[in-house]
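# Got a sequence here, can you model it:
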Amino acid sequence: MRGCPPPQGTGGGFVHVVVVGCGRVGSGLAEAVEAAGHTVGIIDRREQAFRRLSPTFSGKKLVGVGFDRGRLEEAGIEDAFAVASVTNGDNSNIMIARVAKETYGIERVVARIYDPRRAAIYERLGIPTVATVQWTIERVLRRILPESHAVEWIDPSAKVCLLERRVPPTWAGRDVAALETDGEAKVIAVSRLGVSQLARPALVIQDGDLVYAAVSGDKIAAFDDWLSGAAAGAH
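Okay, the predicted model is just below:
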């Protein structure tokens, strides 16, 4: 990975995350969140599911149904920054996601959905989903932790990296071309409400868009600064 720095950690301070479902994904996700320095509450209907967690895991472990408000509150949802519902049932995951968003006002909510067709519907309703074929713990982390960035792909020479980034609201109304820097960064595609399209220079950015950009290996930090508005004259 010469020229490409490792994925950046979270820069928004410590947060609390609630994970529902302690299978392979849920347990791995909970431990990854804790390893990043955050606190976790995890719920599963089977106590034996917590055996997947390492002996050093210090988060809250609660036995119960994930859409039970009492259990969610014991897990810390009232103070949560994000909720990830990753049980093995689509209906349960959507119900939990909706409770998190509509009852507790949690903005960062991700639901695991096995049926890609249903996933697309819920994306349009504002509930980010991850279908089984797209699933990785790392992808979910990027959607629930503050400023959690990663590199999607690196060419063998490490000269070009493909990044996925959520565009800050301050860029809304500007053309995609405004995000690009000559010879350093090129926006390849934009994902909006769960539907991706190839980028056109005149495509207008909307709040909530995800962009996929090809960036020079040694310019990732500069691109992130530009995107966040930290670079002088970015706007």
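# Any idea how far the longest helix seen in the chain is from the middle of the chain?
For the chain, the longest helix by residue count, based on DSSP state H, is helix 24-35. Distance of helix 24-35 from the chain centroid (Cα atoms, centre = their mean, to the nearest Å) equals 14 Å.
# can you list contacts of it?
Helix 24-35 is touched from outside by 17, 19-20, 22, 40, 42, 44, 49-50, 52-54, 57-59, 84, 86-87, 112, 135, 137-138, 140-141, 144-145, with contacts defined as Cβ atoms under 8 Å, 6 or more residues apart in numbering. Every residue, glycine included, has its C-beta placed from N, CA and C.
# switch to 6 Å and redo it
The contact list for helix 24-35 (Cβ atoms under 6 Å, 6 or more residues apart in numbering) reads Val17, Val19, Val40, Ile42, Arg52, Leu53, Gly59, Ala84, Val86, Ile137, Val140, Leu141.
# Equivalent analysis for stretch 36-55, please.
Here stretch 36-55 has contacts from 10, 14-20, 22, 27, 30, 33-34, 59-66, 71, 75-76, using Cβ under 6 Å, 6+ apart.
# Please repeat the previous calculation with a cut-off of 8 Å.
Stretch 36-55 has contacts (Cβ under 8 Å, 6+ apart) with 9-10, 14-24, 26-27, 30-31, 33-34, 59-66, 71-72, 74-77, 80-81, 87, 141, 145, 148.
# Figure out the length between the terminal residues of that stretch.
In stretch 36-55, first residue to last residue: 17 Å (Cα to Cα, to the nearest Å).
# Quick check: buried residues in that stretch?
Buried residues in stretch 36-55, defined by neighbour count with 16 or more other Cβ atoms under 10 Å: 36, 38-45, 49-50, 52-53.
# which of those sit farthest apart?
Across those, no pair lies farther apart than Ala36 and Arg45, at 26.2 Å, counting by Cβ to Cβ.
# what's Ala82 in contact with, if anything?
Applying Cβ under 8 Å, 6+ apart to Ala82 gives the contacts Val15, Val17, Val18, Ile106, Glu107, Arg108, Val109, Val110, Arg143, Ile144, Leu145.
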